[in-house]
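**Q** Next come a sequence and a model predicted from it.
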Amino acid sequence: MGHKIHPKSIRLGYIKDWESKWFNLKEMPNFIEEDYRIRVYLKNKLKLASVSKIVIERPGKYLRVNIYTARPGIVIGKGGQGIESLRKEIETMTAKKTFVNVMEIKRPEIDAQLASENIAFQLEKQIAFRRVMKKTIEKAMTVGVQGIKVMVSGRLGGTEIARTEWLKEGRIPLQTFRADIDYGFSEACTTMGQIGVKVWIFKREFFKKTAEELTEKAKVIVDLDTAAKQAQAIVTE
């Protein structure tokens, strides 16, 4: 067996940020449990809102919850009633003054968590898994990602023996820390059992020099080399 590491965990503090932004050693166990309960409640409450992630901040005595969703209208509700009810419910759970912000995801095709949930939703409708995987990959590649990998595991197609199938297109450099790789996981509850869905999306590479920058650097190196040769010739004479 290989050693599996979450693609986001090894990039935290480098190109990825934490989803829980607070620091309190004394209250750490309580805060971790509280964050978990908040996320479970919001995920169940906003199943149809395409929620990708929930970032929780604790500045002082306040609580700030940032909901990243592809359908902000469902979260906000008519006249802001939906977001107000969420705020009141979270304040009841935590006994702290809460602020709820809604962040719109403009391109859900390149969000790994939303892509995995979409695949799971279609598998629950008994759509062929290979067809779903190919469509997801095609949508992501047309948007302009550099690579995508989709893997499903379980009793695929209703077979007796569980197996794993995966499709990949482009590059997925998991060992390159500067590579911005988004990872998503979800489960499809079918009549034959649960099917796990994993999606890796390679969006871009940070700190990578463009062709123009490399050309400019090469010119500088050539100029320095020419100047060094001229200086050597003067010293020799």
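**A** Arrived safely.
**Q** In this structure, what residue spans correspond to strands?
**A** In the chain, the strands defined using DSSP state E lie at 20-21, 51-57, 63-69, 98-104, 147-154, 163-170, 179-190, 193-205.
**Q** which secondary structure elements does the second one contact?
**A** Packing contacts for strand 51-57, counted by 3 or more Cβ pairs under 8 Å, 6 or more residues apart in numbering; DSSP states H and E, involve strand 20-21, helix 28-45, strand 63-69, helix 112-124. For every residue, glycine as well, the C-beta is placed using N, CA and C.
**Q** Need the nearest residue in space to Gly170, chain neighbours excluded.
**A** Spatial nearest neighbour of Gly170, excluding adjacent residues (Cβ to Cβ, 6 or more residues apart in numbering): Gly147 at 3.0 Å.
**Q** got it, and Leu156?
**A** Phe129 (5.4 Å).
**Q** just Val150 next, same as before
**A** Met133 (4.7 Å).
**Q** what sits against the one you found?
**A** Met133 is in contact with 119, 150, 152, 165, 167, counting by Cβ atoms under 8 Å, 6 or more residues apart in numbering.
**Q** same question, Ala70
**A** Contacts of Ala70 by Cβ under 8 Å, 6+ apart are 49-50, 52, 104-105, 108, 111, 114.
**Q** from the residues you listed, which is closest to Gly73?
**A** Ala49 (8.7 Å; Cβ to Cβ).
**Q** okay, now the closest one: neighbour count?
**A** Other residues near Ala49 number 20, with proximity taken as other Cβ atoms under 10 Å.
**Q** any idea how far Pro7 is from it?
**A** 25 Å (Cβ to Cβ, to the nearest Å).
**Q** which residues does the residue nearest to Gly170 contact?
**A** Taking Cβ under 8 Å, 6+ apart, one finds 168-172, 200-202 in contact with Gly147.
**Q** How about Leu48?
**A** 71, 74.
**Q** residue nearest the centroid of this structure?
**A** Nearest to the geometric centre of the chain sits Asp182, at 3.9 Å (Cα atoms, centre = their mean).
**Q** Give the bridge partners for it, please.
**A** Counting by DSSP bridges, Asp182 forms beta bridges with Ile201.
**Q** Wait, it touches Glu109, no?
**A** No: applying Cβ atoms under 8 Å, one finds Asp182 not in contact with Glu109, separated by 11.4 Å.
**Q** got any ranges where this protein has weak pLDDT?
**A** 1-3, 208-211, 213-214, 217-218, 220-237 (pLDDT under 70).
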